[in-house]
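Asker: Mind folding the following:
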Amino acid sequence: MMVEIEIISSLQNILAIYAVYAKNEKIPVYIGQLMKLKNRIVQHLIRRDSSIVTGANGYSLNPDYVKKVAWWEHDLFKTKKHLIAAELIAFKQMNPIIRSQSNNKEVDGISNSEDFGNKITQLFQGKPSGVLTIIDLSQVLHSIAELKSRIQQLEERLK
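Answerer: Numbering: from 1, shown residues only. Now for the predicted structure:
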């Protein structure tokens, strides 16, 4: 079952592989793995102090252009090494513009396991476990205008 949310505070702190999408929602701008989803998304989009946002690695993600964050959960994500191995498979599957800086040598045995690889490949070919849709200021203003119009219509009916 896929969870769709619009408020960062509704995110859970779970083990996951996540993809960040900008205007083109077909190719992720960034893929990463994490132990606590909510904390990491807050770090990227609210506090804006993650290495990918600050450009500490020589390239950066501009949070103002983020439109969607999708994440995948799986029972096989039981250790940091399993998450990193799954992230490597996600890189191959989704070909993000920016990749996190994982240490590949630590997880070669896991990511090269046929059983693990097949299960994780299937995971990324399906729907994500959840999606956070980021609305921008113009969408907020449009929603406010719609609400004002509906309130006026209701007030007129009540007269």
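Asker: which regions of this protein sit below the pLDDT cut-off?
Answerer: Across the chain, the ranges flagged by pLDDT under 70 are 24, 101-104, 106.
Asker: try it again with 90
Answerer: Filtered on pLDDT under 90, the chain yields the residue ranges 1-10, 23-27, 34, 50-65, 78-82, 84, 97-114, 134-143, 159.
Asker: any chance you could map the strands in it?
Answerer: With DSSP state E as the definition, the chain shows strands at residue ranges 3-5, 16-21, 30-34, 68-72, 98-99, 130-133.
Asker: shouldn't residue 120 be in contact with residue 86?
Answerer: Yes: counting by Cβ atoms under 8 Å, residue 120 touches residue 86, with 4.9 Å between them. (Each C-beta comes from the backbone N, C-alpha and C, glycine too.)
Asker: now the helices for this structure?
Answerer: 37-42, 51-54, 80-94, 108-111, 114-125, 137-158 (DSSP state H).
Asker: can you pull the contacts of the spatially most central residue of the chain?
Answerer: Central residue of the chain (Cα atoms, centre = their mean): residue 69, 2.8 Å from the mean position. Neighbour list for residue 69: 18, 19, 20, 21, 41, 131, 132, 134 [criterion: Cβ atoms under 8 Å, 6 or more residues apart in numbering].
Asker: So what sits opposite it in the bridge?
Answerer: Beta-bridge pairing for residue 69 (DSSP bridges): residue 20, residue 132.
Asker: separation between it and residue 112?
Answerer: Note on residue 69: its distance to residue 112, by Cβ to Cβ, to the nearest Å, is 28 Å.
Asker: What residues does residue 43 make contact with?
Answerer: By Cβ under 8 Å, 6+ apart, the neighbours of residue 43 are 49, 50, 53.
Asker: which one of those sits closest to residue 11?
Answerer: Checking those against residue 11 by Cβ to Cβ gives residue 50 as the nearest, at 15.2 Å.
Asker: Roughly how far does the residue nearest to the closest one when sequence neighbours are not counted sit from residue 10?
Answerer: Spatial nearest neighbour of residue 50, excluding adjacent residues (Cβ to Cβ, 6 or more residues apart in numbering): residue 43 at 4.6 Å. In this structure, residue 43 and residue 10 are 17 Å apart, going by Cβ to Cβ.
Asker: now do residue 153
Answerer: 30 Å.
Asker: got it, and residue 36?
Answerer: 15 Å.
Asker: From the neighbour counts alone, determine which of those two ranks first.
Answerer: The neighbour comparison of residue 36 against residue 10 (other Cβ atoms under 10 Å) goes to residue 36, with 15 against 12.
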